[in-house]
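Peer 1: Okay, sequence plus prediction incoming.
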Amino acid sequence: MRAVAVAYPGPPGSHASAAAAVLFPAEDRVPLTGFRAVADSVSAADMTHGVLPIESSLAGPVAETHDLLHDHALSIVAEAVLPIRHCLAAPVEVPLEEIRIVHSHPSALEQCRRLLERMPNASVLPAPTTAEAAQAVAPTHAAIAGAEAVSLYGLTVVADDVGDGPAFTRFVSIAPYTLVRVPWEQSRISFSFVTDHRPGALHAAIEPFAHKGLDLVRLVARPIPHSPFSYRFDAVVSGHPLDTTVREALAELADRTRSHRILGVYEAARESE
C-alpha cells in the first residue's frame, strides 16, 4: 500500500502546516512552494493529499483555492477549522512608523486592515504564505505571520494579535478522488455550476435546495476567464450524496444550468476547532 504523503504550501511555520498536522497527524507532511504547487503535486500523484485554506471568517473565500479546485481534477475529502492569531514581526523591535514594507499572504493582509491603517508609511507586499513572509523580512520590513513562524525564523514581535477581530480559517484536504462513505448527518457536498446569462438564472439554479429544505451553507462567485463579466458559482450544501432529497435537488440543478460538477464530499468540521 502506498504511504500517505501530504503537501501543504510552505515553508514550515505556515498556518497550512498547522492544518495539515490536524488533518493528518500521523502522516508525512511536505512543504511546497505555493498553492498551485500543492494542487499540481496531487494531480500528478506525486502526493496523495494536499491541504489548502479555502475560507477566512474575516476575509471571506480564498479565491486561489477555489480556482485551483475548478482547474484540476481534484475533490475536497476533509476539512478543518483553525483559530488564526497573527503577529506583526520584524528582525528587531521597530516603531510602526518606521516600517516601510509589510509582507504577508493576501488573506492575512485582509484580516489586518486596521493595523495597516495605522502604518501610513508602509506598503504591502503579498507573499505566497505567511511563513514565506516571515522568511522575507529585512531591516525596515515586517511580516504578518503566526507565532510559530515568528519563532521559527528568529523574528521579534512588534505587535501581537493584530487581526481585526477573532479569526478562523477553514482548510480543506484535496485528493484525486471523491468520497461517498462519510457520516450521513455531518456530510457536506461541494459543487460548482455555471448558469445561462439571463435574469433569474441563479435563483432558478439554487431554488430546488430551498424547496427541499436543504441548507446551502456557502455560495461563492468566481469570474470565468476569457468571458468578461461572466461567473461560475461554487457552493456547499449540507447533505449526503446518497440521500434521495439531495440527489433530486442536484438533478434539478443540472437541468437548470449550463454545466455543473461535484467538487467533493466530506464530513463537516466543528466550527470551534
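Peer 2: Looks like it came in fine.
Peer 1: Under a three-state scheme, what state does the closest residue to Tyr153 other than its chain neighbours occupy?
Peer 2: Among residues not flanking Tyr153 along the chain, Ala134 sits closest, at 4.6 Å (C-beta to C-beta, 6 or more residues apart in numbering). (Glycine included, C-beta is placed from N, CA and C.) Per DSSP: H, G, I helix; E, B strand; the rest coil, the local secondary structure of Ala134 is helix.
Peer 1: which residues sit in contact with Ala134?
Peer 2: Gly13, Ala89, His103, Ala143, Ala145, Ala149, Val150, Leu152, Tyr153, Leu155 (C-beta atoms under 8 Å, 6 or more residues apart in numbering).
Peer 1: what about 6 Å?
Peer 2: Ala143, Ala145, Ala149, Tyr153 (C-beta atoms under 6 Å, 6 or more residues apart in numbering).
Peer 1: Nearest to Tyr8 among those residues?
Peer 2: Ala149 (13.2 Å; C-beta to C-beta).
Peer 1: isn't there a helix covering the closest one?
Peer 2: Yes: counting by three-state DSSP, Ala149 is part of a helix.
Peer 1: May I have the secondary structure class of the nearest residue to it once chain neighbours are set aside?
Peer 2: Leaving aside its chain neighbours, Ala149 sits nearest to Gly13 (3.4 Å; criterion: C-beta to C-beta, 6+ apart). Of the three states, Gly13 takes coil according to three-state DSSP.
Peer 1: Looking at Gly13 now. What's its pLDDT?
Peer 2: We have a pLDDT of 91 for Gly13.
Peer 1: Is it correct that it is in contact with Thr130?
Peer 2: No: Gly13 is beyond contact range of Thr130, at 8.0 Å (criterion: C-beta atoms under 6 Å).
Peer 1: and the residue nearest to Ala149, what is it in contact with?
Peer 2: Ala131, Glu148, Ala149, Leu152.
Peer 1: Same question for Ala143.
Peer 2: So Ala143 contacts Ala89, His103, Ala133, Ala134, Val137 (C-beta under 6 Å, 6+ apart).
Peer 1: Okay, and the beta partners of it?
Peer 2: Ala89, His103 (DSSP bridges).
Peer 1: Please apply the same query to Phe191.
Peer 2: Bridge pairing for Phe191 - DSSP bridges - gives Ala235, Ile262.
Peer 1: tally of neighbours for it?
Peer 2: With neighbours defined by other C-beta atoms under 10 Å, the count for Phe191 comes to 18.
Peer 1: pLDDT value on it, please?
Peer 2: For Phe191, the predicted pLDDT is 98.
Peer 1: cool, and Ala3?
Peer 2: At Ala3, pLDDT is 72.
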